[in-house]
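> Here is a sequence together with a model predicted from it:
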Amino acid sequence: MEYFINCNTSTLAPYTIPLDGLRAAHLYRRLSFSASVQTVNSAVGESAGNLVDTLVDQALAAPVIPPPEWADWNNADYPADDDLARQVRRAQFEEFSTTYGNALLNNGLRDRMSFFWSNHFVTEIDVYDCNSFLYHYVNCLQRNALGNFKTFVSEIGLTSAMLYYLDGVRNRGDNPNENYARELYELFTLGEGNAYTEQDIIETSKALSGYTERGEEGCTQVTFNAEDFSTENKTIFGQTGNWGYDDVIDILFNERSNEIARFICAKLYEFFVHPDATGDDGNGIAPQIIDGLAQTFVANNFEIAPVLRQLFKSQHFFDDTAIGVIIKSPFDLYLNMVKETGFGYDDGTVLNIIDAAGLIGQELFDPFDVAGWQRDRQWINTNFIIGRWLTSEVFLERFFQADPEQFRTLAMDAVGAANSNTSNPEIVVRALVNKFTPKGLLTEADFEKAMDAFKIDDVPEEYYSPDYTPGGLSLWTLSVSMEVPTQVYVLLRHLSREPEFQLK
């Protein structure tokens with residue numbers, strides 16, 4: 001697959017042209033896990049500014065996942081029998097994974113953002129191995145997804161999931177552990193080697209010490225133990241005092257505000273707009289776009305929502321060169337399929353999606369390492385691309401077996417009411433290609449192959465011609481012909497293997 005170089009020269013000036021179908025679909029593919037035909041069509045003609053404000057406002061108001069009954073369980077709450085305890089833990093994990101999977105499908109931008117942050121503030125469930133820690137970690141991601149980034153940094157560092165994952169529970173004043181201090185700067189706020197020193201890390205680790213109290217039972221929420229806190233003076237970014245956890249966050253955001261803003265805005269840009277932030281001339285887009293976003297970030301005291309509003313309303317976001325240039329993650333691949341088809345699904349489908357995503361490189365709540373999934377081109381290799389094809393076909397087959405007629409409904413929705421009884425297969429194929437690929441197929445020859453896939457052997461070519469019958473009527477019509485569900489199914493199977501289907 002060709003690697004797209006970023007040659008987007010549009011600015012952050014507002015995009016004022018009413019949205020067409022191409023850009024409406026682009027907006028939903030990026031701000032959520034895509035959308036139905038009806039949702040995209042309803043956005044056509046809308047103002048980008050008004051629609052983005054609506055989507056951001058909905059994200060800010062979205063309720064978090066309510067705490068399950070086991071949200072604060074520790075090991076004492078599980079059965080004494082180890083096998084039974086494992087079964088209970090596994091059932092809880094599957095239940096919560098399914099709940100979060102449904103949130104990704106239904107909560108639009110809010111959980112698109114919470115999922116983004118899970119790959120920024122990375123933890124791995126197989127390291128801390130505690131369902132209650134997982135719940136509180138996800139709760140933190142959801143509550144802060146579009147909120148204040150400074151507050152977010154402060155809160156995420158005190159989740160038990162993070163304290164266990166990056167060794168905060170082992171960070172004692174008399175024997176500091178530098179792991180979290182290093183990642184706080186390198187991965188979470190500043191970027192590797194940017195505006196901090198090794199001495200800053202050492203001093204910061206002392207200031208972060210003391211969150212070591214684990215309780216008598218395993219899987220107990222971590223709390224502060226003053227006896228394990230370093231009371232000596234520490235010098236961080238040139239500031240000296242007997243600093244503690246809250247002081248670190250204050251000093252970091254006071255002394256390195258511009259560096260934080262640029263680093264985070266660059267990550268948001270690469271996730272939502274284009275994976276290449278260097279541009280075709282090698283000088284980068286940062287002076288024009290990332291600096292502008294960073295200024296907004298600082299001016300709004302590190303509130304995330306104003307940055308997203310500015311970016312998503314911009315000419316830069318809607319530029320042709322920004323459309324269809326990001327490779328779908330495994331979760332994009334499957335969740336987009338569910339949203340774009342509108343096919344019926346249940347919790348079992350969601351759990352199957354989570355399992356399938358893990359098979360091709362994106363295991364929920366368990367990225368590869370603290371640096372997270374590297375995204376984009378990393379999703380495509382020989383093993384993963386074959387896995388993407390095969391698993392997509394499995395889901396399509398299950399949808400077809402469950403209800404073939406929903407494939408006809410999809411096609412009729414895609415062509416619109418005016419063409420719902422069309423006898424022209426090209427209209428149907430064109431509408432479905434446009435629905436499931438950001439910019440259509442690359443060549444006309446590729447489109448003809450899609451047409452061939454749609455025209456299955458069971459439907460003779462002459463059935464599409466009005467010259468075939470004395471009355472001048474085609475024997476094939478979208479709304480009536482019994483072969484249509486199979487034709488749409490075969491077409492979707494064909495499209496799922498096309499390079500353009502892998503893009504968003």
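Cool, got the structure.
> distance between stretch 402-414 and the chain's centre?
Relative to the chain's own centre, stretch 402-414 is displaced by 27 Å; criterion: C-alpha atoms, centre = their mean, to the nearest Å.
> what residues are up against the nearest residue to Gln288 once chain neighbours are set aside?
If the residues on either side of it in the chain are set aside, Gln288 comes closest to Thr11, at 6.4 Å by C-beta to C-beta, 6 or more residues apart in numbering. No exception for glycine: its C-beta is placed from N, CA and C like everyone else's. The contact partners of Thr11, by C-beta atoms under 8 Å, 6 or more residues apart in numbering, come to Gln288, Ile289, Ser314, Gln315, His316.
> ranges for the strands of the stretch 351-500 of the chain?
With strands called from DSSP state E, counting those that start in this stretch, the stretch 351-500 of the chain shows none.
> Can you list the residue ranges for helices in it?
Here the stretch 351-500 of the chain has its helices, by DSSP state H, counting those that start in this stretch, at 382-402, 405-415, 425-436, 444-454, 484-495.
> quick one, which of those is nearest to Asp320?
Distance to Asp320, taken as C-beta to C-beta, is lowest for helix 425-436 among the helices of the stretch 351-500 of the chain, at 15.1 Å.
> can I get the CA coordinates of that closest one in CSV?
Coordinates of each C-alpha in helix 425-436 appear next as CSV, following Å, rounded to 0.1, in the frame of the first residue of the first chain:
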residue,chain,number,x,y,z
PRO,A,425,-26.5,-2.3,-10.9
GLU,A,426,-23.9,0.4,-11.5
ILE,A,427,-25.9,2.8,-9.3
VAL,A,428,-25.9,0.3,-6.5
VAL,A,429,-22.2,-0.6,-6.7
ARG,A,430,-21.2,3.0,-7.0
ALA,A,431,-23.2,3.9,-3.9
LEU,A,432,-21.7,1.0,-1.8
VAL,A,433,-18.2,1.7,-3.0
ASN,A,434,-18.6,5.3,-2.0
LYS,A,435,-20.0,4.3,1.4
PHE,A,436,-17.2,1.9,2.3
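> Show residues contacting that helix.
Applying C-beta under 8 Å, 6+ apart, the set of residues contacting helix 425-436 is 21, 25, 37, 340, 410-411, 414-416, 419, 422, 440-441, 447, 450-451, 454-455, 464, 476, 478, 487-488, 491-492, 495, 501.
> Give me the contacts around the helix or strand where Tyr180 lies.
Assigned by DSSP states H and E, Tyr180 belongs to helix 179-183. Outside helix 179-183, the residues that touch it by C-beta under 8 Å, 6+ apart are 157, 162-163, 166-168, 171, 201-202, 204-205, 208, 370.
> Show me the residues you listed that map onto helices.
Met162, Leu163, Ile201, Ile202, Thr204, Ser205 (DSSP state H).
> would JSON lines of these with neighbour count and pLDDT be doable?
Formatted as JSON lines, these follow (neighbours: other C-beta atoms under 10 Å; pLDDT from 0 to 100):
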{"residue": "Met162", "neighbour count": "27", "pLDDT": "98"}
{"residue": "Leu163", "neighbour count": "25", "pLDDT": "98"}
{"residue": "Ile201", "neighbour count": "20", "pLDDT": "98"}
{"residue": "Ile202", "neighbour count": "16", "pLDDT": "98"}
{"residue": "Thr204", "neighbour count": "28", "pLDDT": "98"}
{"residue": "Ser205", "neighbour count": "24", "pLDDT": "98"}
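> before we move on, the earlier item: can you say which of the helices of the stretch 351-500 of the chain is nearest to Ser118?
Comparing those by C-beta to C-beta, helix 382-402 comes nearest, at 20.2 Å.
> Mind listing what's buried along that closest one?
For helix 382-402, the neighbour count (16 or more other C-beta atoms under 10 Å) marks Phe384, Ile385, Gly387, Arg388, Trp389, Thr391, Ser392, Phe395, Leu396, Phe399, Phe400 as buried.
> These into JSON lines, with extra columns for distance to Phe121 and pLDDT?
Formatted as JSON lines, the buried residues of helix 382-402 follow (distance: C-beta to C-beta, whole Å; pLDDT from 0 to 100):
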{"residue": "Phe384", "distance to Phe121": "25", "pLDDT": "93"}
{"residue": "Ile385", "distance to Phe121": "29", "pLDDT": "95"}
{"residue": "Gly387", "distance to Phe121": "28", "pLDDT": "96"}
{"residue": "Arg388", "distance to Phe121": "27", "pLDDT": "97"}
{"residue": "Trp389", "distance to Phe121": "32", "pLDDT": "97"}
{"residue": "Thr391", "distance to Phe121": "28", "pLDDT": "98"}
{"residue": "Ser392", "distance to Phe121": "30", "pLDDT": "98"}
{"residue": "Phe395", "distance to Phe121": "30", "pLDDT": "98"}
{"residue": "Leu396", "distance to Phe121": "35", "pLDDT": "98"}
{"residue": "Phe399", "distance to Phe121": "35", "pLDDT": "98"}
{"residue": "Phe400", "distance to Phe121": "39", "pLDDT": "98"}
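> Cool, thanks, talk later.
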